[in-house]
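K.L.:
Fold the stuff below for me.
(chains A and B)
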Protein chains: 2
Amino acid sequence: MRDLFLRACRREPVERTPIWMMRQAGRSLPEYREVRKEVDFVTLCRTPELACKVTLQPIDRLDVDAAILFSDILVPADCLGLEVDFRPGPVLANPLRTAADIDALTIRDPQESVPFVFETVRLVRKELEGRVPLIGFAGAPFTVAAYLVEGKGSKSFSHPLRLLWGEPQLAHRLFERLTEVTIAYLRGQVEAGAQAIQLFDSWAGLLDRKLFREFALRYARRVLDALRPAGVPMIYFALNAGHLMEELGESGADVIGVDWRTELSRAAALVGGEFAYQGNLDPCALMAKPADIDDRVAAIVDAGKQLPGHIFNLGHGVLPDTPVEHLQALVAAVRKHGAR
Amino acid sequence: MRDLFLRACRREPVERTPIWMMRQAGRSLPEYREVRKEVDFVTLCRTPELACKVTLQPIDRLDVDAAILFSDILVPADCLGLEVDFRPGPVLANPLRTAADIDALTIRDPQESVPFVFETVRLVRKELEGRVPLIGFAGAPFTVAAYLVEGKGSKSFSHPLRLLWGEPQLAHRLFERLTEVTIAYLRGQVEAGAQAIQLFDSWAGLLDRKLFREFALRYARRVLDALRPAGVPMIYFALNAGHLMEELGESGADVIGVDWRTELSRAAALVGGEFAYQGNLDPCALMAKPADIDDRVAAIVDAGKQLPGHIFNLGHGVLPDTPVEHLQALVAAVRKHGAR
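P.N.:
Below you'll find the predicted structure:
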């Protein structure tokens, strides 16, 4: 297997910088849009053959160094009996707003409520035939809670934030349950064959350091601590966390994901300790001409070479209308600059 | 006049910490909602008697230490001949997307295109009868451009960001024009009687440090440099700028606004130099019971006392459904803890 990605996660020597891209499977690929002409997003996530197919598309098309399960961080809401619609962002018919809503949640075994996820993982591992490793993932408890309480995407997520301030004990009860679900969900992915996991905390950046520690980091750490015995590399990615860098090192992750806002060298200085880093080209940079972004790529790759481990990635997901040729040019640029 | 606010901006001694709140005039006040039953938002902004009335409401109701002009950062789009609708967020019928769109913009004198703003300022000064100072404001060129190019509010503002990456020279042409408009617009406010100005860079936090310097800070600084001879204190508020603190000190402002994410002491250490600071209670904290936020207020006020100057404010605007009693309790808490 081409295991550059796994070695970089473990801070072992690599002959070149590995690369994969958040949302590498998705609307930027014409072959994905073809699949979506036939099925909606939810059906795609719930159908192992199709989810496997789109998981593999960027491996074939872009020759990246890792595959990531095609799914959504709200899929495990099924394990709490919550229905999430996608139009195209997640929308909950009944957001969690009251103590009654939260205390009524019962946890179902992910193996029973979302078996298709584990089946997809098994299928992808089989179809990959060892070409590159497969990354499993989940949303961190705070971020999943943000959607479940707000009921949809939002700029300010004021409903979950006012829950933290106004009813902190109730918020903790919700996070406890989500932590339990997330652990079982990720364990299931690893048992099915995921060779690394990423925990996405996309909305943690809304919190100041005190709230981040109390409501986000604490539960992310609990998830990662529980997964550590599984023995796979673990990535924690908190978006917009420039003000939280010192805290990220306490997440229990092996790899710290960094968005495009903070330079890798600066992130590493602030985080401290011995970690591998993943990131961090601005996804909007891929809208520039490939020649124009080459020096940005070189700067990130060079900064990464100074770190104990570096996996090249974007600082956030691929934008849907990014030209495929630009994605291919990015992979080529990382190959060129990333050789050791 | 109760000039605590102006003295704190100038880093002069004060007998207690002054307070005002971003969006202190607005939907959180029942008397504002009464006015809005009769007129829409745009009419309110364009009618000096009404804009004056709602500007003064929080002075009467909350007894804050400064008034801020009731308006919107997209009002000066009128000076570029652009029509902005509010439903309730800003929506442009024709977002600026092409070189033709941007190069066709012609600048009209704000005195002719938005005379109601200056008339409102004159009226507010008269009605205030010197009780507290009046703050004028504008959006910084990058942030106004973000709306004009995106065409509406957005989580990612991917259209303006891809303009920066894909067509930087065109972006600069747009920023040049917006800078010119903003200078004339703020000069007009000061000439009409505004005793301080705040420049809002609400979306600057989307940028990494390099892009922030090139596309946001540079033009904000140009605006503030041009206004300096007017002799009024100048506040620069970039939201979500935890990763940009070192840069904020180069904005040319007297006062650095800080959102809730970064502690004031930390912000001051990163910014360096001699500035006054404004901030920074999380607006969501006002959803907690007043007794519960008292220690947060005390911590911010105490941190502020260690700085060369501190104006208490929220870290972002008042949330629309904040109970008025909580706003009043906040003012009382700042009074109590802020005495020197």
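K.L.:
Following the chain past the helix or strand in which residue A:220 is found, name the next helix or strand.
P.N.:
Assessed by DSSP states H and E, residue A:220 sits inside helix A:218-227. Next along the chain after helix A:218-227, taking DSSP H and E as the criterion, comes strand A:234-238.
K.L.:
contact partners of the very next helix or strand once past that following strand?
P.N.:
Downstream of strand A:234-238, the first helix or strand assigned by DSSP H and E is helix A:245-248. The set of residues external to helix A:245-248 that reach it, using CB atoms under 8 Å, 6 or more residues apart in numbering or on different chains, is A:209, A:212-213, A:217, A:236, A:238, A:241, A:256, A:262, A:266-267, A:270-272. (Each C-beta comes from the backbone N, C-alpha and C, glycine too.)
K.L.:
What pLDDT does the model give the residue sitting furthest away from the middle of chain A?
P.N.:
Largest separation from the mean C-alpha position in chain A: residue A:100, at 30.5 Å (CA atoms, centre = their mean). Note on residue A:100: pLDDT of 97.
K.L.:
cool, and residue A:106?
P.N.:
Looking at residue A:106, its pLDDT is 93.
K.L.:
just checking, residue A:200 is part of a strand?
P.N.:
Yes. Assessed with DSSP: H, G, I helix; E, B strand; the rest coil, residue A:200 lies in a strand.
K.L.:
most neighbours, which of the contacts of helix A:245-248?
P.N.:
The most neighbours of any of those, using other CB atoms under 10 Å in any protein chain shown, belong to residue A:238, which has 31 neighbours.
K.L.:
Any part of the helix or strand hosting the residue farthest from the centre of chain A near chain B?
P.N.:
Assigning secondary structure by DSSP H and E places residue A:100 in helix A:99-103. No. Helix A:99-103 lies out of reach of chain B by CB under 8 Å from any CB of the partner chain, never closer than 15.4 Å.
K.L.:
For burial, what's the neighbour tally of residue A:335?
P.N.:
Other residues near residue A:335 come to 16 when the count uses other CB under 10 Å.
K.L.:
quick one: contacts for it?
P.N.:
For residue A:335, counting by CB under 8 Å, 6+ apart, the contacting residues are A:16, A:19.
K.L.:
So for the stretch of helix or strand it belongs to, what gets flagged as buried?
P.N.:
Secondary structure assignment for residue A:335, by DSSP H and E: helix A:324-338. Going by neighbour count (16 or more other CB atoms under 10 Å in any protein chain shown), the buried part of helix A:324-338 is A:326, A:327, A:329, A:330, A:331, A:333, A:334, A:335, A:337, A:338.
K.L.:
Quick check: nearest residue in space to the fifth one, chain neighbours excluded?
P.N.:
Leaving out its chain neighbours, the residue that sits closest to residue A:331 by CB to CB, 6 or more residues apart in numbering or on different chains is residue A:62, at 5.4 Å.
K.L.:
cool, residue A:178 as well?
P.N.:
Closest residue to residue A:178 apart from its sequence neighbours, by CB to CB, 6+ apart: residue A:141 at 3.9 Å.
K.L.:
Also residue A:92?
P.N.:
Of all residues not flanking residue A:92 in the chain, residue A:151 sits nearest, at 4.6 Å (CB to CB, 6+ apart).
K.L.:
now the one you found: how far from residue A:206?
P.N.:
Going from residue A:151 to residue A:206 by CB to CB, to the nearest Å gives 16 Å.
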